[in-house]
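Novice: okay, here's the prediction I keep looking at, along with the sequence it came from:
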There are 2 protein chains.
Amino acid sequence: MAEQTRTVRVPIVERVLEANDDIAAVTRADLARRGIFSIDLIGAPGSGKTALLEATLQRLAGRGSEGVAADSVAARGLRRRPAARHEVAVLVGDLATRRDGDRLARWCERVVQISTGEGCHLEAGQVRDALRDVELQGVDLLFIENVGNLICPVGFDLGQNVKVGLFSLTEGDDKAAKHPYLVTAADLILLNKIDLAPYLTFDRDGFVADVRLLNPTVPILEVSATTGVGMDAWLDWIDRGVARPRH
Amino acid sequence: MAEQTRTVRVPIVERVLEANDDIAAVTRADLARRGIFSIDLIGAPGSGKTALLEATLQRLAGRGSEGVAADSVAARGLRRRPAARHEVAVLVGDLATRRDGDRLARWCERVVQISTGEGCHLEAGQVRDALRDVELQGVDLLFIENVGNLICPVGFDLGQNVKVGLFSLTEGDDKAAKHPYLVTAADLILLNKIDLAPYLTFDRDGFVADVRLLNPTVPILEVSATTGVGMDAWLDWIDRGVARPRH
């Protein structure tokens, strides 16, 4: 029975992935044509993906902590604000609720919440469809916050330029070793909630060593979305991505 | 293209789940015949599944914190130790590494680590095969620690009696609402790392309200595997499950 299951599944999974990859290739070409650098952010539930994006959007917009005024969000009048570092769009995936989308909409005028229902990851078709709902004129940076899951999102190309793997101190120091496919696929590893280091037992050297075994060259940045530690290095990494020629 | 993907996938997923359910039904009957109460423990990466099981096994064995001596593990001589509350077996699933299995083997003589490779959840065939490697004579309690994932494990029957959904304070108070399928399917919700409440912003009333909307009757227990808070109530819940007639 188990053998039967396996022989049934593999070719179908391959066909699904092929169809997904075809859509992703079109998205990638379209984003490149528009000069948009795109990031697929992958992390466990509670690793702080939305909090990191909130802190990131806040800094990219060159603002303080007051957020976007409600009437400004409603009017969507301002396209380029003074001192905005990039023009950003955000897609955010969750099984249910639009809580993350609402949080991010405080800091960004172009946010689309994608409800995946029972889906454990975003797929290229969902990203393509969501992008049709965004005014991309002038945008140079796209964040895609994937469904909270360290496993399933890794295999699905969304048309992004880079994958960022987000881990956090509260998950424990063994999570890189236990999720080799994400670590291998990642273009950047972020280690979030670094402000909690004094209160937790987390072997940072061991975590880094596990990452290095799987992906010897990937940059690893320690950040705290709460205190802002490491955010400058993360923003610099984003700047270099936006500046890099795409085709 | 997206439509094509959808029409291809659904019937195949149903066939995979049917095959899985057939295996699970055989496992369930076999475990009932042996008088074994089985728990599928589902939680996010870093929610503390293994730490909870370590603390649980330690208490069930009626021991202090000294663990099982290495030579005792090797010999596997003792079947029923003085004051052991239950005779326990544990299956633990991870993509990679046998770290969790090694941790649990300090407290239990019957532990099997299941490596799922790229698999985001345990399936019934893996549980059936792993149980063949365990001496089940005398066992009355089986823990199955699923792969760290709040989504995919929910749909796969393993032959367990109950599903326990484990959330933790460090994941944020929105995780029940965002994972309705787990909450709806759960026979018990554990809220772990409750000892960290003073250091985190976590709306416990809001979390409970979200659970209640989805599953009005499920028990919710607050626990800390670290400090032991709530462990007695969790052990009592287990006792009642073991004592309940199964057929």
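Specialist: Received it, and whenever you're ready, just let me know what you need. Computed from a prediction, not measured in an experiment: that's the story for all the values here.
Novice: can you tell me the helix or strand for A:Leu91?
Specialist: Following DSSP states H and E, the helix or strand that holds A:Leu91 is strand A:88-94.
Novice: does chain B have contacts with that strand?
Specialist: Yes - interface with chain B: strand A:88-94 contributes A:Asp94 (C-beta under 8 Å from any C-beta of the partner chain). Yep, even glycine has a C-beta here, placed from its N, CA and C like the rest.
Novice: distance check, the most centrally placed residue in chain A against A:Val111.
Specialist: Nearest to the geometric centre of chain A sits A:Leu41, at 1.7 Å (C-alpha atoms, centre = their mean). Relative to A:Val111, A:Leu41 is positioned 14 Å away (C-beta to C-beta, to the nearest Å).
Novice: pLDDT weak spots in chain A?
Specialist: Low-confidence regions of chain A, defined by pLDDT under 70, span residues A:1-13, A:63-83, A:247.
Novice: let's see it at 50
Specialist: Within chain A, the stretches with pLDDT under 50 are A:1-10, A:64-82.
Novice: now do the helices in it.
Specialist: A:2-33, A:49-60, A:70-75, A:99-105, A:124-131, A:175-178, A:180-185, A:204-214, A:231-243 (DSSP state H).
Novice: any chance of the backbone angles for A:Glu226?
Specialist: Let me fix one detail, which is that residue A:226 is Thr and not Glu. When read as degrees, to the nearest 10, the backbone of A:Thr226 gives phi -80, psi -50.
Novice: and A:Arg15, how many neighbours does it have?
Specialist: 15 (other C-beta atoms under 10 Å in any protein chain shown).
Novice: what is the end-to-end distance of stretch A:163-183?
Specialist: Taking C-alpha to C-alpha, to the nearest Å as the measure, stretch A:163-183 stretches 10 Å from start to finish.
Novice: hmm, that stretch in reach of chain B?
Specialist: Yes - judged by C-beta under 8 Å from any C-beta, stretch A:163-183 comes into contact with chain B at A:Ser168, A:Thr170, A:Glu171, A:Gly172, A:Asp174, A:Lys175, A:Ala177, A:Lys178, A:His179, A:Pro180, A:Tyr181.
Novice: in those, find the pair that's most separated.
Specialist: Farthest apart among the residues of stretch A:163-183 next to chain B by C-beta to C-beta are A:Thr170 and A:Tyr181. That separation is 21.8 Å.
Novice: looking at these two, which has the bigger crowd around it?
Specialist: A:Thr170 (25 against 18).
Novice: contact partners for the more buried one?
Specialist: Residues in contact with A:Thr170 (C-beta atoms under 8 Å, 6 or more residues apart in numbering or on different chains) are A:Gly46, A:Lys193, A:Leu196, A:Leu200, B:Gly46, B:Ser168, B:Thr170, B:Glu171, B:Lys193.
Novice: thinking the last one is in contact with B:Ser168, fair?
Specialist: Think B:Lys193. Yes - at 4.3 Å, B:Lys193 and B:Ser168 qualify as touching, with contact defined as C-beta atoms under 8 Å.
Novice: so which of the two has more stuff around it?
Specialist: Neighbour count, other C-beta under 10 Å: between B:Lys193 and B:Ser168, B:Ser168 has more, with 30 against 25.
Novice: which residues does A:Trp237 contact?
Specialist: A:Trp237 neighbours (C-beta under 8 Å, 6+ apart): A:Leu188, A:Pro219, A:Leu221.
Novice: buried subset of those, written for ChimeraX?
Specialist: Selecting only the buried entries of the contacts of A:Trp237 in ChimeraX, with 16 or more other C-beta atoms under 10 Å in any protein chain shown as the criterion:
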select /A:188,221
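Novice: one step back: contacts only, for the residue nearest to the centre of chain A.
Specialist: Listed by C-beta under 8 Å, 6+ apart, the contact partners of A:Leu41 are A:Lys49, A:Leu52, A:Leu53, A:Phe143, A:Ile144, A:Glu145, A:Asn146, A:Val164, A:Leu166.
Novice: for those, pick the one with the most neighbours.
Specialist: Neighbour max across the contacts of A:Leu41 (other C-beta under 10 Å) = A:Asn146, 29 neighbours.
Novice: find the nearest non-adjacent residue to it, please.
Specialist: Using C-beta to C-beta, 6 or more residues apart in numbering or on different chains and skipping the chain neighbours, the partner closest in space to A:Asn146 is A:Pro153 (4.3 Å).
Novice: state the distance from the one you found to A:Gly46.
Specialist: Distance, A:Pro153 to A:Gly46, using C-beta to C-beta: 15 Å.
Novice: do A:Gly125 as well
Specialist: The gap separating A:Gly125 from A:Gly46 is 27 Å, by C-beta to C-beta.
Novice: what about the two, which has more around it?
Specialist: A count of neighbours by other C-beta under 10 Å puts A:Gly46 above the other of A:Gly125 and A:Gly46, at 28 against 21.
Novice: surely the more buried one is in contact with B:Ala176?
Specialist: No - taking contacts as C-beta under 8 Å, A:Gly46 lies outside contact range of B:Ala176: 11.8 Å.
Novice: ok, the strand holding A:Leu91: who's next to it in the sheet?
Specialist: Each strand that pairs with strand A:88-94, with its direction, by DSSP bridges: strand A:111-115 (parallel), strand A:141-145 (parallel).
Novice: okay if I get those as a markdown table plus distance to B:Gly62?
Specialist: Output for the strands paired with strand A:88-94, formatted as a markdown table (distance: least, C-beta to C-beta, whole Å):
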| stretch | distance to B:Gly62 |
| --- | --- |
| strand A:111-115 | 48 |
| strand A:141-145 | 46 |
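Novice: closest to B:Arg106 out of the contacts of A:Leu41?
Specialist: A:Leu166 (30.6 Å).
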